[in-house]
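> I need the structure of the sequence given here:
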Amino acid sequence: MNFFIVSGLSGSGKTIALQALEDLGFYCIDNLPAALLPNLAEQMQLARPGTLQKAAVGIDARNRAFLADVPQNLERLRTLGIPYRIIYLEAEESILVRRFQQTRRPHPMLDDTTSLPEAILLEKQLLEPLSFAAALRVDTTHTTPHALRAHIRDYARGEETPGLTLLVESFGYKHGTPLDADFVFDVRCLPNPYWQEELRRHTGLDQPVIHFLEQYEEVGALYDDIRAFLENWLPRFAREDRTYMTVALGCTGGQHRSVYLANRLANELKANGMKIQLRHRELT
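This next block holds a predicted model:
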């Protein structure tokens with residue numbers, strides 16, 4: 001049985017996430033009252049084999065009357081032995097405000113006495129139980145709908161096979177640190193190809209940039225330290241039943257150093273048998 005709970009801030013992409021799961025054959029229900037979670041899960045257990053094995057439900061601030069009971073309902077799922085995973089989506093406040101201004105849709109927490117920023121803050125507080133229990137947190141601040149669909153699909157497929165899945169992500173600090181990263185490594189201390197005029201138009205995936213970076217011993221030294229850290233500690237997280245983790249590597253613009261290191265790290269860890277997903281945030 002594959003059971004997902006999709007939650008998060010209004011405007012962060014929950015509808016897109018549910019659509020992505022629906023494309024994979026999940027039976028999806030949006031805005032299900034939280035109190036009905038155990039009932040749905042029990043029906044999945046009782047269903048004939050092959051009829052209701054994959055389901056996803058959306059729970060958000062529209063569920064306001066039921067959100068206070070979320071912890072008890074999640075505990076009931078655990079008591080019944082029903083496995084579930086929570087996917088929680090979020091984004092920076094300025095991006096959420098802009099999205100609501102563009103769509104002209106009302107925020108579910110908005111009223112005559114509450115401003116939009118206050119409504120977003122209130123929603124964060126109401127959804128904290130789901131946020132803290134999330135198996136996957138996705139920061140959609142810089143994510144296109146296409147990239148979000150791909151991310152959710154990859155995660156759902158990865159959950160169908162045992163073991164830890166690691167997302168290796170490059171990013172640029174000038175565009176903000178990913179909110180959903182479990183580990184963040186700052187590689188801005190390395191020589192910057194950007195200052196070589198002939199390398200600016202290239203990325204860390206291109207041979208001229210790779211050749212430039214591999215000339216410096218400190219590049220290899222930092223890479224070896226990051227890889228050794230992950231190879232030492234990731235198995236310990238896997239033993240704690242963590243099924244999905246994100247490692248982010250950041251440079252200034254997210255074009256050269258972080259891309260090179262993330263690509264190299266993903267390839268080598270994959271060659272060693274790990275389940276790897278790779279994303280270059282600023283290149284998508």
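> Can you pull out the low-pLDDT segments for the stretch 151-284 of the chain?
Within the stretch 151-284 of the chain, the ranges that satisfy pLDDT under 70 run 160-161.
> For it, which segments count as strands?
Secondary structure of the stretch 151-284 of the chain, counting by DSSP state E, counting those that start in this stretch: strands at 165-172, 183-186, 244-251, 275-280.
> Please list the outside residues in contact with the second one.
With contacts defined as CB atoms under 8 Å, 6 or more residues apart in numbering, strand 183-186 is touched by 173, 177-178, 226, 230, 245-250. C-betas here are computed from N, CA, C, even on glycine.
> who wins for proximity to F66 among the strands of the stretch 151-284 of the chain?
Across these, F66 has its closest neighbour in strand 244-251 (26.5 Å, CB to CB).
> May I see the buried residues of the longest helix anywhere in the chain?
In the chain, taking DSSP state H as the definition, the longest helix is helix 217-239. By neighbour count on 16 or more other CB atoms under 10 Å, the buried set for helix 217-239 is 219, 222-223, 226-227, 230, 234, 238.
> Let me see the contact set for the residue nearest in space to the middle of the chain.
Here the mean C-alpha position of the chain is nearest to the C-alpha of V138 (CA atoms, centre = their mean), at a distance of 2.8 Å. Residues in contact with V138 (CB under 8 Å, 6+ apart) are 8, 12-13, 17, 87-90, 148, 151-152, 180.
> let's go with 10 Å and repeat that
Contacts for V138 (CB atoms under 10 Å, 6 or more residues apart in numbering) come out as 6, 8, 12-14, 17, 87-91, 148, 151-152, 155, 167, 178-180, 246.
> Which one of the contacts of strand 183-186 is nearest to G204?
L249 (10.0 Å).
> Helices along the protein, start to end?
Using DSSP H, the helices of the chain run over residues 14-23, 37-46, 64-67, 70-79, 93-103, 116-126, 128-132, 145-158, 207-213, 217-239, 257-271.
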